[in-house]
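Asks: Just need the structure, nothing else, for what follows:
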Amino acid sequence: MITRLILQTVAWLICMGALLFGAAGTLAWPAGWWYLIETGALSLWVGFWLARHDPGLLAERLAPIVQAQQSRWDRFFMIGVALMWTAWLVLMAFDAMRYHWSAPLPVWLVSLGSLCIFLCIFMCRFVFQANSFAAPVVKIQTSRGHKVIDTGPYAYVRHPMYSAALLLFIGTPLLLGSWWGLACVPLLVIGIGWRAVREERVLAQQLDGYTAYTSRVRYRFVPFIW
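Replies: Have a look, this model is predicted:
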């Protein structure tokens, strides 16, 4: 499992690096290198923690983004996410380095972006600790005894991993220095908001106790907002 984790992480970093630096047209991009180092190191940190404390969840996290048990609409959604993420990275590299559409961001905003990415993955670690069923795809994990989780961050919002993703959406363009990338964030938020609503319909229909949980925990992403 550890070998698979390392290989998949390295492959993911190589693909992202090829997109970023290929679109940038140069390797002389410190922010791009730091983005890869930070996300790669933090992802491995969480992965090693899962390998020790919840190997079943790690196996789910390493599984393909398209699966047989997955809801059909979610298969198309995940393919769309992969394509949109690719286009987003290319856009930010074009903007920040190749064509310089955006004015340079101040250092404090770039640093804030790095902090947001750290907080995102740090928050995900607590999500995984609370919820052993936090698979990347929408499905009911009957073989693993899937049940409603209402402890930890799930006591405050119904989708704490999506809450953490909001920080990643903001932090990535700030760290990479792209105002155009930041302008795309509302589209990303709308996308995961749509998925959260569809996901809840599946859970309410197929997971005992989920409807009662939604009546106790009112907010999806951010308390008192939505």
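Asks: show me what contacts the most centrally placed residue in the chain?
Replies: Residue closest to the mean C-alpha point of the chain, counted by Cα atoms, centre = their mean, is Ala165 at 4.9 Å. Counting by Cβ atoms under 8 Å, 6 or more residues apart in numbering, Ala165 makes contact with 120, 192. Every residue, glycine included, has its C-beta placed from N, CA and C.
Asks: in what helix or strand does it lie?
Replies: Using DSSP states H and E, Ala165 sits in helix 160-176.
Asks: quick one: average confidence on that helix?
Replies: The pLDDT scores in helix 160-176 average 97.
Asks: That helix: what's the following helix or strand?
Replies: Using DSSP H and E, the first helix or strand after helix 160-176 is helix 179-183.
Asks: Buried ones in that next one, by neighbour count?
Replies: 180-182 (16 or more other Cβ atoms under 10 Å).
Asks: List the buried residues in stretch 56-76.
Replies: Those buried within stretch 56-76 under the rule 16+ other Cβ under 10 Å are 57-62, 67, 70-71, 74-75.
Asks: The residues you listed into CSV, with extra columns for pLDDT and distance to Pro104?
Replies: Listed next are those as CSV, based on pLDDT from 0 to 100; distance: Cβ to Cβ, whole Å:
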residue, pLDDT, distance to Pro104
Leu57, 95, 40
Leu58, 95, 39
Ala59, 94, 43
Glu60, 93, 41
Arg61, 95, 36
Leu62, 94, 38
Gln67, 90, 42
Gln70, 88, 42
Ser71, 83, 43
Asp74, 94, 39
Arg75, 94, 40
